[in-house]
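Engineer: need the 3D shape of this:
(2 chains)
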Amino acid sequence: MATDTIAPGPEAPAPLSPARAQIEQKTLRTDRWWLSPLLTMLVLVAFIFYATFRAFQNADYYTGNLISPFYSPCIATKCVPGSSLGGFKPFGDWWSISPALLILIFPLGFRMTCYYYRKAYYRAFWQSPPACAVAEPHGKYTGERRFPLILNNSHRYFFYAGLIFNTILSWDAILAFRNPAGQWGHMSVGTLVLIANAVLLWVYSLSCHSCRHIMGGKLKHFSKHPLRYKGWTLVSKLNHKHMLFAWVSLFGVALTDAYVALVANGTFSNPTFF
Amino acid sequence: MGYKGKFKVWRGDASGGDLKDFEVEINEGEVVLDIIHRLQATQAPDMACRWNCKAGKCGSCSAEINGKPRLMCMTRMSTFEQDETVTVTPLRTFPVIKDLVTDVGFNYAKAREVKSFTPPKDLLPGEYRMQQIDVERSQEFRKCIECYLCQNTCHAVRDHEENKDNFSGPRYLMRVAELDMHPLDTADRKNSAQEEHGLGFCNITKCCTEVCPEHIRITDNALIPMKERVVDRKYDPLVWLGNKIRRRTSSDA
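Structural biologist: Here you go, the predicted structure:
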């Protein structure tokens, strides 16, 4: 291998071997390779703005029978009466800002360390690379070997936390079979919205690469663990569509929150079936 | 129904070169490699290109076609518009020898750095017994034709020459994963994957999977599972504690 390199200019990417074919263009791709990272960036930025606004808004997250996934579980004393799960409020009056900020680190961490979203944001935001065979603009690249990106290895812990959150949000969907007065045996469009949100979050979580590993991927001998092999096979099937579930569940969370917010602030009433 | 198509082909060697324009006859059913051969036969007899099977199985004719790393023999001319100029360049990541031929010796060096299959010491050749269910996962990786398109596309070395010493690339990290998943392999692959072969350089942007002509799901089935195994070994205190308490080794599972 040749070891001599060309010195980089001030804005130049990393120096490359002069023994390579000298081609000036960063890429010769003629397709719209920039479209996918651009759309990814726009959608993620829109979600970040919306989620930040709603997380700090500290209002319109509970309707009596529906609770926004951004605020569940609501674990501060200042939560709207009735919104806490079983009255569990370990954070007292001293927590004066939005209770959403207490919990959002977990779903945020799960998505930030997700193997799919890593691809999405490395391409869309960090341009490392923006697309395949398109030169990245950075002079140096160390991957996920150092702080802070090495923290992405904690994905499985956020996955465990995500399972707890999914269970709580599933319970929220069951609680939505009440009317705003708290009487059981009722169902509304909001019930369906919360059920759909919980289902989407479950399939997103169960299709996760860490889940696949924990279920059986870590094994050397599937033949010694037939049940785990079956579980691994099922999760592998879901894992094929992890990207799809990642996006759909992201939209699901935002739309569910928006629905609850619109009902809570009286923009429209939650249509009931019975 | 033939037509005259426009081609740009990179001509040159390590001392320099540039894209040369050609107008060439293109016939129905042809692939890019056919056109390169026609250029050799009719206009540029000294144009160098590496090829062998013309069936997508030898991995020799790797190049970049309109900027995308592809096999020339598997790229149909019918995928381009008739008035579209098709640009063919050599693989960017490796030193060029001449025209479309590059020196892929980097990959041979990295292949030699992977510790070979290590069966249990008391098991002799001919005594290997394993169940299909235990080997089928890694059989996907055996479809690799070593075209090195994944190695060429990975930005960790494509855009950063300095990482070549410390990063084996997706093809050989996949080989490490294949051996780590092998039911009879006893070597410790997890530490070496991270520390010797540079698995931490991989930021799973999946370009290796996108360009693989054998459609091997390199990232999902080899690199990410290997990253998770490395997490077990190096970054997960609960797994570490569990293994200590149960005195379990990785080959027990």
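Engineer: name the residues of stretch B:40-60 that are buried.
Structural biologist: Buried residues in stretch B:40-60, counted by 16 or more other CB atoms under 10 Å in any protein chain shown: B:44, B:47-51, B:54, B:56-60. (C-beta placed from N, C-alpha, C; glycine too.)
Engineer: got phi/psi on the residue nearest to A:Ser188 when sequence neighbours are not counted?
Structural biologist: Counting by CB to CB, 6 or more residues apart in numbering or on different chains, A:Ser188 lies nearest to A:Thr272, which is 4.3 Å off, once chain neighbours are set aside. Main-chain dihedrals, A:Thr272, degrees, to the nearest 10: phi -110, psi 150.
Engineer: one step back: now, the most widely separated pair of the buried residues of stretch B:40-60?
Structural biologist: The largest separation in the buried residues of stretch B:40-60, counting by CB to CB, is between B:Ala44 and B:Lys57 at 26.6 Å.
Engineer: gap between the spatially closest residue to B:Asp99 that is not a sequence neighbour and chain A?
Structural biologist: Spatial nearest neighbour of B:Asp99, chain neighbours left out: B:Ala48 (4.1 Å); criterion: CB to CB, 6+ apart. Using CB to the nearest CB, to the nearest Å, B:Ala48 is found at 12 Å from chain A.
Engineer: now B:Ala48. Its backbone dihedrals?
Structural biologist: B:Ala48 adopts backbone torsions of phi -100, psi 130, taken as degrees, to the nearest 10.
Engineer: residues contacting it?
Structural biologist: For B:Ala48, the contacting residues are B:97-101, taking CB atoms under 8 Å, 6 or more residues apart in numbering or on different chains as the criterion.
Engineer: just the pLDDT for it.
Structural biologist: Note for B:Ala48: predicted pLDDT of 98.
Engineer: contact residues of the stretch 51-200 of chain A facing chain B?
Structural biologist: Contact residues (CB under 8 Å from any CB of the partner chain) of the stretch 51-200 of chain A with chain B: A:115, A:118-119, A:122-123, A:128-129, A:132-136, A:138, A:140-145, A:149-150, A:153-156.
Engineer: how about the residues of the stretch 1-150 of chain B near chain A?
Structural biologist: Counting by CB under 8 Å from any CB, the residues of the stretch 1-150 of chain B near chain A are B:10, B:12, B:14, B:16-17, B:19, B:64, B:66-69, B:84, B:87, B:89-90, B:92-96, B:102-103, B:105-106, B:109, B:131, B:133-134, B:137.
Engineer: of the residues you listed, keep whichever come out buried.
Structural biologist: B:10, B:12, B:14, B:17, B:19, B:64, B:66-69, B:87, B:89-90, B:92-96, B:102-103, B:106, B:134, B:137.
Engineer: among these, which lie within strands?
Structural biologist: Of these, the ones assigned to strands by DSSP state E are B:10, B:12, B:17, B:19, B:64, B:68-69, B:87, B:89, B:96, B:102.
Engineer: if we can go back for a sec, please pick the buried ones from the residues of the stretch 51-200 of chain A next to chain B.
Structural biologist: For these, a burial check counting by 16+ other CB under 10 Å picks out A:115, A:118-119, A:122-123, A:128-129, A:132-136, A:138, A:141-145, A:149, A:153-156.
Engineer: report pLDDT for the residue nearest to A:Ser188.
Structural biologist: A:Thr272 is given a pLDDT of 94.
Engineer: what about the helices in the stretch 51-200 of chain A?
Structural biologist: With DSSP state H, counting those that start in this stretch, the ranges of helices along the stretch 51-200 of chain A come out as A:100-103, A:105-112, A:115-124, A:155-175, A:189-206.
Engineer: which one of these lies closest to A:Thr267?
Structural biologist: Set against A:Thr267 and scored by CB to CB, the helices of the stretch 51-200 of chain A come closest in helix A:189-206, at 13.2 Å.
Engineer: what comes up buried for that closest one?
Structural biologist: For helix A:189-206, by 16+ other CB under 10 Å, it's A:189-191, A:193-206.
Engineer: now the closest residue to chain B within the stretch 151-274 of chain A. Nearest residue, chain neighbours left out?
Structural biologist: Nearest residue of the stretch 151-274 of chain A to chain B: A:His213, at 3.8 Å (CB to the nearest CB). In space, and not counting its chain neighbours, A:His213 is closest to B:Glu228: 3.8 Å by CB to CB, 6+ apart.
Engineer: thank you kindly, that will do.
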